[in-house]
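Chemist: Here's a sequence, model it:
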Amino acid sequence: MISPRFVIAVSRIAEVSGLSHLVDFQVADAAKLPFEDGQFTVVWNQCSLNHDEAWLREFNRVLSSGGRMVMTFEIRGDNPDEHSDRWSLPDILNLLQDMEYSVEHAEDITERDIEIGWKALDRKLSEKEEEFTRVFGADWVRKAHEEFAGEINRMRQGR
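Modeler: Now for the predicted structure:
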């Protein structure tokens, strides 16, 4: 759930960027958006999509005819756990096509995110391992490396 604090933060970012006159941020339930049908030409969802068809239906409802929907979110990947609450990439493509969308681009960026995220953190930790060990101790450093490796494995498994 989006906290009102996030709206305050993003409003400040828009202000500093000189864009505040172009945006209006609100906290709302994505399954019951407080907007009129067809009100937007673009619906953008960045890394917060709940794997709930009600969200997609609401995005579709507020999107104008010919509008664009852009989404990034965690997918199930090749995880054989069919009970996962996450969609696989083919799942979301099928849902969108059933809603009569044409999909211009769909890509699993898990490996890219692993590389620029967890692996990059692990490399930085390794580069300054002596310093981190001195400050936090060897046990903390070992656990951090293990946690980074665990996150990489969980991402690859779509968990």
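Chemist: top helix in this structure by residue count?
Modeler: helix 138-156 (DSSP state H).
Chemist: and that one, average pLDDT?
Modeler: Taken as a whole, helix 138-156 carries a mean pLDDT of 92.
Chemist: So what touches that helix?
Modeler: Helix 138-156 is touched from outside by 77, 110, 113-114, 118-119, 121-122, 125-126, 129, 132-133, with contacts defined as Cβ atoms under 8 Å, 6 or more residues apart in numbering. In this view, the C-beta of every residue, glycine as well, is placed from N, C-alpha and C.
Chemist: Would you mark the buried spots in it?
Modeler: Along helix 138-156, these residues count as buried under the neighbour rule (16 or more other Cβ atoms under 10 Å): 141, 144, 148, 151-152, 155.
Chemist: And these, which is closest to Ser65?
Modeler: Taking Cβ to Cβ as the measure, Ser65 lies nearest Met155 of the buried residues of helix 138-156, at 36.6 Å.
Chemist: related to what we said a few turns ago, columns distance to Leu89 on top of the contacts of helix 138-156, output as TSV?
Modeler: TSV is the format used below for the contacts of helix 138-156 (distance: Cβ to Cβ, whole Å):
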residue	distance to Leu89
Gly77	8
Thr110	10
Asp113	14
Ile114	16
Trp118	20
Lys119	22
Leu121	25
Asp122	26
Leu125	31
Ser126	32
Glu129	36
Phe132	36
Thr133	40
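Chemist: Need these in a markdown table (columns: pLDDT, neighbour count and secondary structure).
Modeler: Putting these into a markdown table (pLDDT from 0 to 100; neighbours: other Cβ atoms under 10 Å; DSSP: H, G, I helix; E, B strand; the rest coil) gives the following:
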| residue | pLDDT | neighbour count | secondary structure |
| --- | --- | --- | --- |
| Gly77 | 66 | 17 | coil |
| Thr110 | 83 | 18 | helix |
| Asp113 | 87 | 16 | helix |
| Ile114 | 90 | 17 | helix |
| Trp118 | 92 | 19 | helix |
| Lys119 | 94 | 15 | helix |
| Leu121 | 92 | 15 | helix |
| Asp122 | 94 | 17 | helix |
| Leu125 | 94 | 15 | helix |
| Ser126 | 96 | 11 | helix |
| Glu129 | 95 | 15 | helix |
| Phe132 | 93 | 17 | helix |
| Thr133 | 94 | 14 | helix |
